[in-house]
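Engineer: Got a sequence here, can you model it:
(chains A and B)
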Number of protein chains: 2
Amino acid sequence: MALVVQKYGGSSVADASCIKRVAQRIVATKKAGNDVVVIVSAMGDTTDELLDLAEQVSPLPPGRELDMLLTSGERISMALLAMAIANLGHEARSFTGSQAGVITDSTHGKARIIDVTPGRIQEAIAQGHIAIVAGFQGVSQDTKDITTLGRGGSDTTAVALAAALEADVCEIYTDVDGIFTADPRIVPAARKIPRISYDEMMEMAACGAKILHLRCVEYARRFDLPIHVRSSFSTKEGTWVVSDPYTEGTEMEQPIISGVAHDRSEAKITVVGVPDKVGEAASIFKTLADAEINIDMIVQNVSAAATGRTDISFTLPTADAQTALTALKKIQARIGYESLLFDDQIGKVSLIGAGMRSHPGVTATFFAALADAGVNIEMISTSEIRISVIVEQDGVDAAVAAAHRAFDLDADQVEAVVYGGSGR
Amino acid sequence: MALVVQKYGGSSVADASCIKRVAQRIVATKKAGNDVVVIVSAMGDTTDELLDLAEQVSPLPPGRELDMLLTSGERISMALLAMAIANLGHEARSFTGSQAGVITDSTHGKARIIDVTPGRIQEAIAQGHIAIVAGFQGVSQDTKDITTLGRGGSDTTAVALAAALEADVCEIYTDVDGIFTADPRIVPAARKIPRISYDEMMEMAACGAKILHLRCVEYARRFDLPIHVRSSFSTKEGTWVVSDPYTEGTEMEQPIISGVAHDRSEAKITVVGVPDKVGEAASIFKTLADAEINIDMIVQNVSAAATGRTDISFTLPTADAQTALTALKKIQARIGYESLLFDDQIGKVSLIGAGMRSHPGVTATFFAALADAGVNIEMISTSEIRISVIVEQDGVDAAVAAAHRAFDLDADQVEAVVYGGSGR
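Structural biologist: Numbering: from 1, shown residues only, chains lettered A, B, ... in the order given. Model prediction:
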């Protein structure tokens, strides 16, 4: 008998018939002899509808009250799911994040989980019940106020609860068959990855793969908890995210490259003519950090000897660009830089693979493939298991396809289906 | 400075613009120098929509999960109301029933409040905040599960919280101007009652006046808490419900009759030919009590000497009639009664007035008025301050109008507006 934690996103519980189908799947898992804990998101468009209501009432609603409002979404879906399971003759109990012991800090809208005390869930399991838990929400340790976890929150709830319960597996149900070697909308020959390491999955998530959120994979790695990403529309095996996917005994040989990720959501800012003095770059990035802006890649040109000035370029989420530009404008006089350039027509293409550690020719092959495809490289950054390049946005599709082909990732037959974004 | 508890029903917060209007009213009360605690129901049709969703998922949803589902309704309205108040520059904090310390028993769907521990509300008031509390809901003492209070639940929350906070007044906002001497849809000359006693108001509520629920008036009487029933669409004084409305110093003279109530929601069952033996009637009513059916009026005919049998008639809510008939059928053989008669085409008309204690002629005047109006009396019951009669349903309007006129309750001018039902 195993303890299985399952997470169903908003599209899996979009209406009454979806909820009944999910209930059958849960009951089947229970009947197979497992203890089952289910984490559920709000139904379909509920969150957007609630946000729309909030907007009608107030242009800038307080975070505490917005969290109180939004958490009603999971309350509805979890109660309905528990009813649907009861209707199939099994006992189910729904629990809010607070009741499930999801303790967070007080940062409304993007709270971090700081503890999980799942006493009531353990009690429900011990009584043979199926526990249904609201994803995306918790209660703050200090103020006892209701909080939400922000993007990827339901996945994080699932992994955190699975870790606290010492579950055997955390199954993340979504509307695709698993993690693919590339976005099948761009590369029809992309293949489902059967097993991938936490490290690679984190790089994938950080580089634009939308199925799993970075936070949830980080959490799983910390507790060495296996994640199984799979489709709620089929019973096929999906993708296993584990610590070591290529141990002996598995028939798989470790590929050099596990996948090609891409991201169109970043923009590039260039600070032109920065005086080449100690501490100027630090001052610029301190300003951006104070404005709570996450910088991704940074490139500093070699200083031109004649002028004693240099250019600093960096990428950041396009959504934060306006804030960053405003913050930088304020320090122009003090820093003495010449001007700011802004470009949101860029894209990032990343190769991810633990195998590149032992294969030195990866960069050369990647860059040659891009050159053959006529794509120019604007910026480069690397980690031990990743190479990312910034290219012009119109070149992203060609770059992804070329890289996928160059590393022999193309499947013999097309197997992929639609590749969708994740819910919360 | 006073502590004012205000309760707004579902029709007062039906949409974003209603919520903003209520927010302004709350802020005005705060600005006038009062501490304010607000109890709010779910928006307009939310509860019905949630019930509809539940029905799509399960024909007989478990009470625990239905309560979890329905309580999301107030969660939405209270968060939006807090946002609207914040938007007017005042601090508001919303609290669930559980957070507000509304402790109940475990009877899902119609839980009873057994304690109120409003520590967080007192804290919010002390910090100068306006507290917004979800009506209709609480948390069970034993299981810590979310409960709902059933019909009239939000009014009861308001009165219970006002009592626990030792508030100066509990204002119940509704869509009519107060309590009227009769339903203005039947008696256009009905007048608003300025002040009425708890006892009279309880009799009115028990006899079909729908503005305040019996439970909430009972609760207010126990703690001697003044209730002010008024319209959320005007600033006019409404009806005060207090322990002694006719103390010296008020200019009012106590009327003999305070109001005429009517109720079309009851049915009559007659058990025909019951053997006239000790314990047979007890056995019948024990059976009905076991089926959790509330009996209203009972009439037993004098036994016919020739047969040694008697007929027993009683009234009950029409909604319970099928359950009652089924339960009685089961004991027919054991009791040995002959048959059952059922009549749902009845209505109850009640005169309520503390003044009738000292005016012996009330019954005679009432019955004469009914006779003049051509209305036949089927059953009679009385309390110290009430006379109720069962008449055929088609005669209800005429009976109410005749009684209202006979006791000089008709206003010189018509002042009443539409007379609506209460929310939860």
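Engineer: Can you show me the helices along the stretch 251-400 of chain A?
Structural biologist: A:280-290, A:321-330, A:332-335, A:362-372, A:396-406 (DSSP state H, counting those that start in this stretch).
Engineer: Pull out the buried positions in the second one.
Structural biologist: This means helix A:321-330. A:Ala321, A:Ala324, A:Ala327, A:Leu328 (16 or more other C-beta atoms under 10 Å in any protein chain shown). (Each C-beta comes from the backbone N, C-alpha and C, glycine too.)
Engineer: Apart from its chain neighbours, what residue comes closest to the last one?
Structural biologist: What it means is A:Leu328. Leaving aside its sequence neighbours, A:Leu328 sits nearest to A:Leu340 (C-beta to C-beta, 6 or more residues apart in numbering or on different chains; 6.0 Å).
Engineer: Same check on the second one?
Structural biologist: Across the structure, with C-beta to C-beta, 6+ apart as the measure, the residue nearest A:Ala324 apart from its sequence neighbours is A:Ile293 (5.1 Å).
Engineer: so who does that neighbour touch?
Structural biologist: A:Leu316, A:Asp320, A:Thr323, A:Ala324, A:Ala327 (C-beta atoms under 8 Å, 6 or more residues apart in numbering or on different chains).
Engineer: Nearest residue to the third one in space, please, no chain neighbours.
Structural biologist: Take A:Thr323 and drop its neighbours on the chain: the residue closest to it by C-beta to C-beta, 6+ apart is A:Ala291, 5.5 Å away.
Engineer: about what we covered before: closest to chain B among the contacts of A:Ile293?
Structural biologist: Checking the contacts of A:Ile293 against chain B with C-beta to the nearest C-beta, the nearest one is A:Thr323 at 23.0 Å.
Engineer: contact partners of stretch A:156-166?
Structural biologist: Against stretch A:156-166 from outside (C-beta under 8 Å, 6+ apart): A:3, A:5-7, A:37, A:39, A:97, A:100-102, A:113, A:116-118, A:121-122, A:125, A:133-138, A:149, A:167, A:169-170, A:172, A:213, A:215-216, A:219-220, A:222-223, A:225, A:227.
Engineer: Just to be sure, which of those residues are found in strands?
Structural biologist: Per DSSP state E, strands hold the following members of those: A:3, A:5-7, A:37, A:39, A:102, A:113, A:116, A:133-134, A:137-138, A:169-170, A:172, A:227.
Engineer: Now the buried members of the residues you listed.
Structural biologist: A:3, A:5-7, A:37, A:39, A:102, A:113, A:116, A:133-134, A:137-138, A:169-170, A:172, A:227.
Engineer: which residues sit in contact with A:Thr143?
Structural biologist: Neighbours of A:Thr143 in contact, by C-beta under 8 Å, 6+ apart: A:Ser106.
Engineer: Three-state assignment for it, please.
Structural biologist: Secondary structure, DSSP: H, G, I helix; E, B strand; the rest coil: A:Thr143 is coil.
Engineer: so A:Thr117 makes contact with A:Gln99?
Structural biologist: No: applying C-beta atoms under 8 Å as the test, A:Thr117 and A:Gln99 come out as separate, 10.6 Å apart.
Engineer: Could you check which of the two is surrounded by more residues?
Structural biologist: Per other C-beta atoms under 10 Å in any protein chain shown, whichever of A:Thr117 and A:Gln99 has more neighbours is A:Gln99, with 23 against 12.
Engineer: And the more buried one, how far from A:Ala164?
Structural biologist: A:Gln99 is 14 Å from A:Ala164, where distance means C-beta to C-beta, to the nearest Å.
Engineer: related to what we said a few turns ago, TSV for the helices of the stretch 251-400 of chain A, including distance to A:Ile76 and mean pLDDT?
Structural biologist: As requested, the helices of the stretch 251-400 of chain A are arranged in TSV below (distance: least, C-beta to C-beta, whole Å; pLDDT from 0 to 100):
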stretch	distance to A:Ile76	mean pLDDT
helix A:280-290	39	90
helix A:321-330	34	95
helix A:332-335	50	92
helix A:362-372	47	93
helix A:396-406	38	95
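Engineer: Quick check: which of the ones you listed is buried the most?
Structural biologist: Using mean count of other C-beta atoms under 10 Å in any protein chain shown, the stretch among these with the greatest mean number of neighbours is helix A:396-406 (a mean of 22).
Engineer: For it, output the C-alpha coordinates as PDB.
Structural biologist: C-alpha atoms of helix A:396-406 as PDB (Å, rounded to 0.1, in the frame of the first residue of the first chain):
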ATOM      1  CA  VAL A 396      13.000  31.500 -31.700                       C
ATOM      2  CA  ASP A 397      11.000  28.900 -33.500                       C
ATOM      3  CA  ALA A 398      13.800  28.200 -36.000                       C
ATOM      4  CA  ALA A 399      16.400  28.100 -33.200                       C
ATOM      5  CA  VAL A 400      14.400  25.600 -31.200                       C
ATOM      6  CA  ALA A 401      13.800  23.300 -34.200                       C
ATOM      7  CA  ALA A 402      17.500  23.500 -35.300                       C
ATOM      8  CA  ALA A 403      18.800  22.700 -31.800                       C
ATOM      9  CA  HIS A 404      16.300  19.800 -31.400                       C
ATOM     10  CA  ARG A 405      17.400  18.300 -34.700                       C
ATOM     11  CA  ALA A 406      21.100  18.900 -34.100                       C
END
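Engineer: I'd like the distance from it to the chain centre, please.
Structural biologist: Averaging C-alpha positions (C-alpha atoms, centre = their mean, to the nearest Å) puts helix A:396-406 22 Å from its chain's average.
Engineer: Next: stretch A:69-76.
Structural biologist: The answer for stretch A:69-76 is 22 Å, by C-alpha atoms, centre = their mean.
Engineer: do it and chain B meet at all?
Structural biologist: Yes: using C-beta under 8 Å from any C-beta of the partner chain, we find that stretch A:69-76 touches chain B at A:Leu69, A:Thr71, A:Ser72, A:Gly73, A:Arg75, A:Ile76.
Engineer: Looking at the residues you listed, state which has the most neighbours.
Structural biologist: A:Gly73 (30 neighbours).
Engineer: Can you tell me the SS state at that one?
Structural biologist: helix.
Engineer: for it, what are its contacts?
Structural biologist: A:Ser41, A:Ala42, A:Met43, A:Thr46, A:Thr47, A:Leu50, B:Ser72.
Engineer: would you turn the residues you listed into TSV with pLDDT?
Structural biologist: TSV is the format used below for these (pLDDT from 0 to 100):
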residue	pLDDT
A:Ser41	95
A:Ala42	96
A:Met43	96
A:Thr46	93
A:Thr47	92
A:Leu50	96
B:Ser72	97
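Engineer: Just the buried ones from the residues you listed, in PyMOL syntax?
Structural biologist: Command for PyMOL that selects the buried part of the contacts of A:Gly73, burial taken from 16+ other C-beta under 10 Å:
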select buried, (chain A and resi 41+42+43+46+47+50) or (chain B and resi 72)
